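Asks: Sequence first, then the predicted structure, then my questions.
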Amino acid sequence: MATQALLLVNLGSPASTEVADVRRYLNQFLMDPHVVDLPWPLRRLLVSLILVRRPAQSAHAYASIWWPEGSPLIALSRQLQEAVAPHWTQGPVELAMRYGEPSIERALLRLAGQGITRVTFAPLYPQFADSTTTTAIEEARRVIAAHRLDLQLSVLQPFYDEPEYLEALVESARPYLEEGFDHLLLSFHGLPERHLHKRDPRGDHCLKGADCCQRAEGDVLASCYRAQCFRSAEGFAERAGLRPEQWSMAFQSRLGRAKWIEPYTEARLDALAQQGVRKLLVMCPAFVADCIETLEEIGERGREQFIAAGGEDLQLVPCLNGHPDWVRALVTLCRRAPVQL
Ligand SMILES: C=CC1=C(C)c2cc3[nH]c(cc4nc(cc5[nH]c(cc1n2)c(C)c5CCC(=O)O)C(CCC(=O)O)=C4C)c(C)c3C=C
Ligand SMILES: [Fe+2]
Ligand SMILES: [Fe+2]
């Protein structure tokens, strides 16, 4: 059997919690036109404004969750790589980040240098977004073209409704669900509404009605991040045997002044506390590895906010990380990844 390498790709973290490293990382991340999708002069201006205060704030937040071995996102992704390797018998398993190190460029050059010509490229995002999936794939294409690499890519598709992913989520959450809770909030990373409109195939679906994203099918579902989040949430709740009043969903990590997709997690935390929810579980199914957005935004700030609003406890359910069911699920999904010409 010909060698087929597997390249796991996630978003990336700063090199350290030093403000200068965080500024460098945020600049690379936010200057990506798939993330801040404005014409270059406006993007440069906006990002420069963000970079006045944000690096110090983010450095402080990173410092509160940083591990002795570095960024939790990268350390957990390394653990996943090591857990997947024995199951991926077709070839080596590498890890890359879209921003910072280990870079997609370094990983693809290393694989090509080993004489490998076929790579399964796995963006570790269950739901499709230009700011995550598209930019990772485009970066791989850029590297292959720039270095004229003889590499054929198979690309893992968004897996928001794949039974293997949803069942692994349920298994990983089971001990927390069995402990008892008043309500489960499924908190997904948000997106500016503009990103949804841009991807709306005929411009007549996204955010045009109260339940437009819940009803999405076909090409609309394939390109609507919010619709895919609804599918993941509903698929999870159904498999976990949750009643409709036991759970809800929301979107976190808003940045800047533009309107982001709703409902906002911050608003839901207050509303749930005010409705009498005392023991709140929060899961973040858009992230397969714990990171600043889960550990700090939800586990620290979200918890404080919920308690200040009258709640008793907010328990963050860990991401899939290295859960054995997720390791098996990921290998199965990657084996199915279609070749991209
Ligand atoms: C899970 C999917 C993600 C989407 C969609 C996404 C969109 C998106 N993010 C920002 C801005 C920031 N995100 C940041 C961190 C971050 N984002 C994701 C995932 C998605 N982002 C992850 C996994 C992480 C964690 C990185 C880590 O090191 O742990 C940050 C940096 C942290 C901070 O300063 O808050 C920013 C900024 C935008 C603007 C966006 C869509 C346009
Ligand atoms: Fe993000
Ligand atoms: Fe939509």
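Replies: Ah, there it is. Ligands and ions are numbered 1, 2, ... in the order given.
Asks: what does this structure put close to ligand 1?
Replies: 11, 13, 26, 35, 54, 58, 71, 73, 125, 129, 131-132, 189, 191-192, 195, 253, 255, 286-287, 291-293 (Cβ under 6 Å from any ligand atom). In short, each C-beta sits where N, CA and C put it, glycine included.
Asks: Which of those fall in helices?
Replies: Those of the residues of the chain next to ligand 1 mapping onto helices are 26, 54, 58, 73, 195, 292, per DSSP state H.
Asks: per-residue confidence at the second one?
Replies: At residue 54, the predicted lDDT confidence score is 97.
Asks: same thing with the fifth one?
Replies: Note on residue 195: pLDDT of 95.
Asks: That one: neighbour count?
Replies: Residue 195 has 21 neighbours, counted by other Cβ atoms under 10 Å.
Asks: what's it in contact with, if anything?
Replies: Going by Cβ atoms under 8 Å, 6 or more residues apart in numbering, residue 195 touches 37, 129, 130, 131, 225.
Asks: now residue 261
Replies: By Cβ under 8 Å, 6+ apart, the residues touching residue 261 are 190, 191, 192, 193, 196, 207, 225, 226, 251.
Asks: picking up where we left off before, now, of the contacts of residue 195, which are buried?
Replies: Burial by neighbour count, judged by 16 or more other Cβ atoms under 10 Å, picks out 129, 130, 131, 225 from these.
Asks: For this protein, which residues are neighbours of ligand 3?
Replies: Neighbours of ligand 3 within the chain, by Cβ under 5 Å from the ion: 206, 213, 224, 226, 227.
Asks: Give me the subset of those lying in helices.
Replies: Short answer: those in helices (DSSP H) are 213, 226, 227.
Asks: Could you check how far the first one is from ligand 1?
Replies: Residue 213 sits 15 Å away from ligand 1, going by Cβ to the nearest ligand atom, to the nearest Å.
Asks: show me what contacts that residue?
Replies: The neighbours of residue 213, taking Cβ under 8 Å, 6+ apart as the test, are 206, 207, 224, 226, 227, 229, 230.
Asks: Is it possible to get TSV of the residues you listed that adds pLDDT and neighbour count?
Replies: Conversion of the contacts of residue 213 to TSV gives the following (pLDDT from 0 to 100; neighbours: other Cβ atoms under 10 Å):
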residue	pLDDT	neighbour count
206	85	24
207	84	16
224	95	26
226	96	24
227	96	24
229	98	27
230	97	21
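Asks: picking that back up, where neighbours are concerned, which of the ones in helices among the residues of the chain next to ligand 1 has the most?
Replies: Counting by other Cβ under 10 Å, top hit in these: residue 73 with 24 neighbours.
Asks: my read: it touches residue 294, true?
Replies: No. Using Cβ atoms under 8 Å, residue 73 is not in contact with residue 294, being 9.3 Å away.
Asks: of the contacts of residue 213, closest to residue 6?
Replies: Among the contacts of residue 213, residue 229 lies closest to residue 6 (Cβ to Cβ), at 25.9 Å.
Asks: what about that closest one, helix or strand, and which?
Replies: Secondary structure from DSSP states H and E places residue 229 in helix 225-240.
Asks: now residue 9
Replies: Assigned by DSSP H and E, residue 9 falls in strand 5-10.
Asks: Mind listing what's buried along that strand?
Replies: Residues 5, 6, 7, 8, 9, 10 are the ones in strand 5-10 that count as buried (16+ other Cβ under 10 Å).
Asks: Could you do stretch 230-248 as well?
Replies: Residues of stretch 230-248 classed as buried by neighbour count (16+ other Cβ under 10 Å): 230, 231, 232, 233, 234, 235, 236, 237, 240, 242, 247, 248.
Asks: Among those, which one sits closest to ligand 1?
Replies: For the buried residues of stretch 230-248, the minimum distance to ligand 1 (Cβ to the nearest ligand atom) is 11.3 Å, reached by residue 232.
Asks: which residues sit in contact with that closest one?
Replies: With Cβ under 8 Å, 6+ apart, residue 232 has these contacts: 126, 127, 160, 161, 165, 166, 169, 186, 188, 285, 286.
Asks: What residue, apart from its backbone neighbours, is nearest the fifth one spatially?
Replies: The one in question is residue 165. Closest residue to residue 165 apart from its sequence neighbours, by Cβ to Cβ, 6 or more residues apart in numbering: residue 159 at 4.7 Å.
Asks: Assign a three-state SS to residue 250, would you?
Replies: strand (DSSP: H, G, I helix; E, B strand; the rest coil).
Asks: pretty sure it is touching residue 265, no?
Replies: Yes. Look at residue 250 against residue 265 with Cβ under 8 Å: they come within range, at 4.2 Å.
Asks: and residue 49, how many neighbours?
Replies: 11.
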